[in-house]
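Peer 1: Following is a predicted model, sequence given first.
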Amino acid sequence: MEKPEQASSRRSFIKKLGLAGTAAATAPAALAGTGSAPAYLNLIKRHNSTAANDRIRIALVGTGGMGIGDTQTALMVEGVEMVAACDLYDGRLRRAKELWGDALFTTRDYRQIIERQDVDAIINGTTDHWHEKISTDAMRKGKHVYCEKPMVQKFEDGHTIIKVQKETGKVFQVGSQFASSIIISKAKQLLKAGDIGELVFAEAQYDRHSAMGAWQYSIPPDASPQTVDWDTYLGTAPKRAWDPLRFFRWRNYQDYGTGVAGDLYVHLLTTLHTITGSKGPNRIFASGGLRYWKDGRDVPDLHLAIYDYPKTAEHPEFNLTTRANFVDGGGGGYLVRLVGTEGDLAIGWDSLTVRHHKLPKAPGLSIDNFPKDQQEAYLNEYKKLYPTVYEMEGPREMVYKTPKEYKGDRYEHFVNFFDSIRNNKPSIEDATFGLRACGPTQCGNISLFKKQIVGWDPNAMKIQNTV
């Protein structure tokens with residue numbers, strides 16, 4: 001976790017940037033919240049120096065906390081302009097005008113957004129069960145799409161996005177920003193160079209200990225069927241009477257979200273797949289339950305999973321364990337660790353630690369229980385097999401840190417997104433990658449509720465028979 005001196009340095013950097021409020025410039029904002037509500041960048045910026053034909057005009061669909069954070073980060077990138085916003089709660093539309101000006105076009109109907117000629121790209125910050133519909137509708141209308149993770153609620157919808165993206169040629173990028181992190185890039189380089197030997201195991205955890213971290217989001221006093229378009233919000237979900245909890249705390253419900261696995265494990269799998277080049281696991285088993293946050297939610301607050309990764313051309317066979325605990329009395333924590341035969345890689349918010357521990361060529365001796373003649377005979381052969389050879393020793397531990405001026409992986413992710421649009425380049429995290437990151441997490445949810453091992457085909461990206 002972040003040390004006090006690191007936090008102080010980060011705050012100084014934020015002030016230099018001229019950001020209002022406290023913002024997570026180096027820590028991934030999408031994973032913030034172990035102590036209090038996530039802090040989002042608060043920057044309103046226009047780039048008049050950018051040539052008009054190189055300017056990218058964006059619109060936000062889903063003006064909640066994540067959508068605002070994404071938009072504020074996107075506006076840090078040179079040549080990006082905010083022109084429209086959509087949400088089903090009127091108060092968020094008023095907030096959008098407060099943030100980006102009274103001239104901003106706002107609407108409850110996302111279809112009005114994607115029909116506009118002055119919108120080049122949308123940020124899809126809606127609930128999980130709306131991701132596919134809004135993303136594919138936007139691409140068919142000629143818009144590029146930055147879609148928050150998980151890419152889809154159900155894997156079948158992921159194949160629809162892949163198909164539409166190919167048909168339209170529009171840029172589609174999933175908003176799991178670790179794919180653009182320089183920390184992850186360094187880890188990929190070190191693994192490929194053999195710094196930890198052959199990969200055998202990986203572990204990832206994301207623990208929280210706060211109401212906001214457990215999705216107990218604040219509900220505005222004026223929330224009502226008059227200020228919220230409840231019927232539209234339900235969409236393909238089961239029809240229900242108005243319930244503000246299900247609208248403002250939607251992550252707590254299977255009808256609209258994907259639980260811990262879809263919210264957090266997608267980030268962890270994105271990290272692992274980017275580093276290893278993996279297409280994904282082929283078997284998943286999950287367990288857990290509801291331990292503390294018994295507020296009507298129907299998803300667990302403790303989720304554990306094991307993922308089996310088969311041997312491929314990209315990597316050896318290995319196993320991954322994940323853990324997310326929303327009632328961690330230890331205060332919460334974050335870790336991604338790759339373990340090899342000669343060392344390990346430990347990834348933190350703004351650092352990467354590599355430790356080296358090679359097995360010695362000589363296995364060592366356990367001959368004290370031998371009679372003396374057998375000890376001598378064994379030692380004679382042992383010395384022939386393992387003669388003493390002195391070798392130079394390198395450092396046992398190396399720590400890599402992000403530079404002070406680094407603006408964070410979410411900023412870099414948007415830089416990559418807009419670069420793909422301007423230069424017609426492939427997305428760093430396209431729909432195929434996105435499905436391979438979120439499909440296994442859907443398997444984990446099925447496994448948890450059915451108490452079964454679930455198979456996943458990482459090449460065809462389909463759920464196989466449960467065991």
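Peer 2: Nice, I can see it.

Peer 1: Leaving out chain neighbours, which residue sits closest to Tyr378?
Peer 2: Distances taken as Cβ to Cβ, 6 or more residues apart in numbering put Ile367 closest to Tyr378, at 5.4 Å, once the chain neighbours are dropped. Any C-beta I mention is one placed from the backbone N, CA and C, and that applies to glycine too.

Peer 1: wait, that neighbour sits on Ala377?
Peer 2: No: using Cβ atoms under 8 Å, Ile367 makes no contact with Ala377, being 9.8 Å away.

Peer 1: Can you tell me which helices and strands the helix or strand containing Asp137 packs against?
Peer 2: Taking DSSP states H and E as the criterion, Asp137 maps to helix 131-140. Applying 3 or more Cβ pairs under 8 Å, 6 or more residues apart in numbering; DSSP states H and E, we find helix 131-140 packed against helix 110-114, strand 121-124, strand 144-147, helix 155-168.

Peer 1: Flag every buried residue along the longest one.
Peer 2: Right, the one you point to is helix 155-168. Of all the residues in helix 155-168, those buried under the rule 16 or more other Cβ atoms under 10 Å are 155, 157-159, 161-162, 164-165, 168.

Peer 1: what does stretch 70-78 give?
Peer 2: Using 16+ other Cβ under 10 Å as the test for burial, stretch 70-78 gives 70-77.

Peer 1: first vs last residue of it, how far apart are they?
Peer 2: 15 Å (Cα to Cα, to the nearest Å).

Peer 1: In terms of pLDDT, where does Glu391 sit?
Peer 2: Listed pLDDT for Glu391 reads 86.

Peer 1: tally of neighbours for the residue nearest to Tyr378?
Peer 2: Residues lying near Ile367 (other Cβ atoms under 10 Å) number 15.

Peer 1: show me the contacts for it.
Peer 2: 374-375, 378-379 (Cβ atoms under 8 Å, 6 or more residues apart in numbering).

Peer 1: Kindly recompute the last result at 10 Å.
Peer 2: Taking Cβ atoms under 10 Å, 6 or more residues apart in numbering, we find Ile367 in contact with 374-379, 382.

Peer 1: same check, this time on Phe105
Peer 2: Listed by Cβ under 10 Å, 6+ apart, the contact partners of Phe105 are 59, 83-86, 93, 96-97, 112-113, 116, 118-119.

Peer 1: farthest-separated two in these?
Peer 2: Largest separation among these by Cβ to Cβ: Leu93 and Asp118, giving 18.0 Å.

Peer 1: re earlier: save the helices and strands packed on helix 131-140 as a markdown table, and put in distance to Ile284 and mean pLDDT too.
Peer 2: Converted to a markdown table, the helices and strands packed on helix 131-140 look like this (distance: least, Cβ to Cβ, whole Å; pLDDT from 0 to 100):
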| stretch | distance to Ile284 | mean pLDDT |
| --- | --- | --- |
| helix 110-114 | 33 | 98 |
| strand 121-124 | 26 | 98 |
| strand 144-147 | 23 | 98 |
| helix 155-168 | 12 | 98 |
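
Peer 1: Adding distance to Arg422, write these out as CSV.
Peer 2: Formatted as CSV, the helices and strands packed on helix 131-140 follow (distance: least, Cβ to Cβ, whole Å):
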stretch, distance to Arg422
helix 110-114, 20
strand 121-124, 11
strand 144-147, 10
helix 155-168, 17
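
Peer 1: Please identify which of these is closest to Tyr406.
Peer 2: Per Cβ to Cβ, nearest to Tyr406 of the helices and strands packed on helix 131-140: strand 144-147, 20.7 Å.

Peer 1: Pull the distance from the closest one to the chain's centre.
Peer 2: Put simply, strand 144-147 sits 16 Å off its chain's centre (Cα atoms, centre = their mean, to the nearest Å).

Peer 1: Find the nearest non-adjacent residue to Arg283, please.
Peer 2: Closest residue in space to Arg283, ignoring its immediate chain neighbours: Asp308 at 4.1 Å, by Cβ to Cβ, 6+ apart.

Peer 1: Need the CA coordinates for the helix or strand harbouring that neighbour. CSV is fine.
Peer 2: Secondary structure from DSSP H and E places Asp308 in strand 302-309. The C-alpha coordinates for strand 302-309 follow below in CSV (Å, rounded to 0.1, in the frame of the first residue of the first chain):
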residue,chain,number,x,y,z
LEU,A,302,-16.0,-12.6,-0.2
HIS,A,303,-14.9,-14.3,-3.4
LEU,A,304,-12.1,-16.8,-3.9
ALA,A,305,-11.2,-18.5,-7.2
ILE,A,306,-8.7,-20.8,-8.8
TYR,A,307,-8.0,-20.6,-12.5
ASP,A,308,-6.1,-23.4,-14.4
TYR,A,309,-4.0,-22.2,-17.3
